[in-house]
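**Student:** Need a 3D model of the sequence below.
(one chain, ligands or ions: 1)
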Amino acid sequence: MKIRFYKYQGTGNDFVMIDDRDKTFPVSQQLVASICHRRFGIGSDGLILLQNEPGYDFRMVYFNADGGEGSMCGNGGRCVVRFAHDLGIFTGDTRFIAVDGEHEATVSGDTIRLKMSPVSAIQRFEDHDFLNTGSPHYVTYVDHVDEADVTGQGSEIRYGSVYGPQGGTNVNFVEVIGTEHLSVRTYERGVEDETFSCGTGVTACALSAHLRYGWGSPVTVETIGGTLSVAYSETPTGFDQVFLTGPAVRVFEGELAI
Ligand SMILES: N[C@H](CCC[C@H](N)C(=O)O)C(=O)O
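**Tutor:** So this is what the prediction gives:
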């Protein structure tokens, strides 16, 4: 069986994208993991199926690189919007459905602005915050993010006694580099490594920093793979009107023989 695939990246978070509107992709954890493998497959942080959904422009189905169906992916969401735009499914604005519900997005040039789910139930601790921005995120602050042991400490927290039994968490290391300006590195569960950028993670860090420092919106966030912006409104229980904005581009396309 031959399957046409496309490769997209959003600030260096990269995804294999498949137009699955005819629902023929033979989903299995092993197949997805082998496609995402960087030595034996195409190589990516995740795989996304674009499917039809009545009442919406499309449905986003996201899998982590390990082949497990993941929670929401912010950069993947921005990339699938670009993919749907490239396929001619919409022009300008779109509304689609993902694992955490409905999303809206706008395309202008290379920039994709994605509306994220409202955020509540933020757990605040002295040295870290824990919140769910579509995916669970542990946010910890460091003086020099370049020196953080992202993979070592990240996997310790991800598999540790607190979060491990809950299905794990993504772990973000944040350095404040100015007012409303952060630098972030993320250990991603499901990839089980550091990625170049994590959209839901960057969103979590911006909201956490707002709570710590009383900053206004938007917050600019540097990642290894580029710059993202997070806008939001604070509510009595958390945040809504949360928007993640940044570039998403097609890298190449090809054919997969399985
Ligand atoms: N890279 C993604 C996050 C994927 C979430 C996944 N790692 C999980 O929690 O299972 C993003 O841009 O938001």
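**Student:** residues contacting Ser135?
**Tutor:** 70-73, 170, 200-201 (CB atoms under 8 Å, 6 or more residues apart in numbering). Quick note: C-beta positions are derived from backbone N, CA and C, even for glycine.
**Student:** how many other residues sit next to the closest residue to Met1 other than its chain neighbours?
**Tutor:** Leaving aside its chain neighbours, Met1 sits nearest to Ile258 (5.4 Å; criterion: CB to CB, 6 or more residues apart in numbering). Using other CB atoms under 10 Å, Ile258 is surrounded by 10 other residues.
**Student:** I figured Ile258 was touching Ser28, is that so?
**Tutor:** No. The criterion here is CB atoms under 8 Å, and Ile258 misses it with Ser28 at 10.1 Å.
**Student:** So which bits of the stretch 101-250 of the chain are right by the ligand?
**Tutor:** Neighbours of the ligand within the stretch 101-250 of the chain, by CB under 6 Å from any ligand atom: 135, 170, 188-190, 198-200.
**Student:** By neighbour count, which of these wins?
**Tutor:** Ranking these using other CB under 10 Å puts Cys198 first, with 33 neighbours.
**Student:** That one and Val221, how far apart?
**Tutor:** Plainly put, Cys198 is 10 Å away from Val221 if you go by CB to CB, to the nearest Å.
**Student:** and what of Val162?
**Tutor:** Applying CB to CB to Val162 and Val221 gives a distance of 25 Å.
**Student:** More neighbours: which of these two?
**Tutor:** Between Val162 and Val221, Val221 has the larger neighbour count (other CB under 10 Å), namely 29 against 10.
**Student:** Which parts of the stretch 101-250 of the chain are strands?
**Tutor:** Secondary structure of the stretch 101-250 of the chain (DSSP state E, counting those that start in this stretch): strands at 101-108, 111-115, 119-120, 123-124, 128-132, 136-141, 170-178, 181-188, 193-195, 219-223, 226-235, 238-247, 249-257.
**Student:** Pipe the ones you listed into JSON lines and attach distance to Gly77 and mean pLDDT per row.
**Tutor:** Output for the strands of the stretch 101-250 of the chain, formatted as JSON lines (distance: least, CB to CB, whole Å; pLDDT from 0 to 100):
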{"stretch": "strand 101-108", "distance to Gly77": "6", "mean pLDDT": "98"}
{"stretch": "strand 111-115", "distance to Gly77": "5", "mean pLDDT": "98"}
{"stretch": "strand 119-120", "distance to Gly77": "15", "mean pLDDT": "98"}
{"stretch": "strand 123-124", "distance to Gly77": "24", "mean pLDDT": "98"}
{"stretch": "strand 128-132", "distance to Gly77": "15", "mean pLDDT": "98"}
{"stretch": "strand 136-141", "distance to Gly77": "15", "mean pLDDT": "98"}
{"stretch": "strand 170-178", "distance to Gly77": "15", "mean pLDDT": "98"}
{"stretch": "strand 181-188", "distance to Gly77": "15", "mean pLDDT": "98"}
{"stretch": "strand 193-195", "distance to Gly77": "15", "mean pLDDT": "98"}
{"stretch": "strand 219-223", "distance to Gly77": "16", "mean pLDDT": "98"}
{"stretch": "strand 226-235", "distance to Gly77": "12", "mean pLDDT": "98"}
{"stretch": "strand 238-247", "distance to Gly77": "8", "mean pLDDT": "98"}
{"stretch": "strand 249-257", "distance to Gly77": "15", "mean pLDDT": "96"}
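**Student:** No further queries at this time; thank you.
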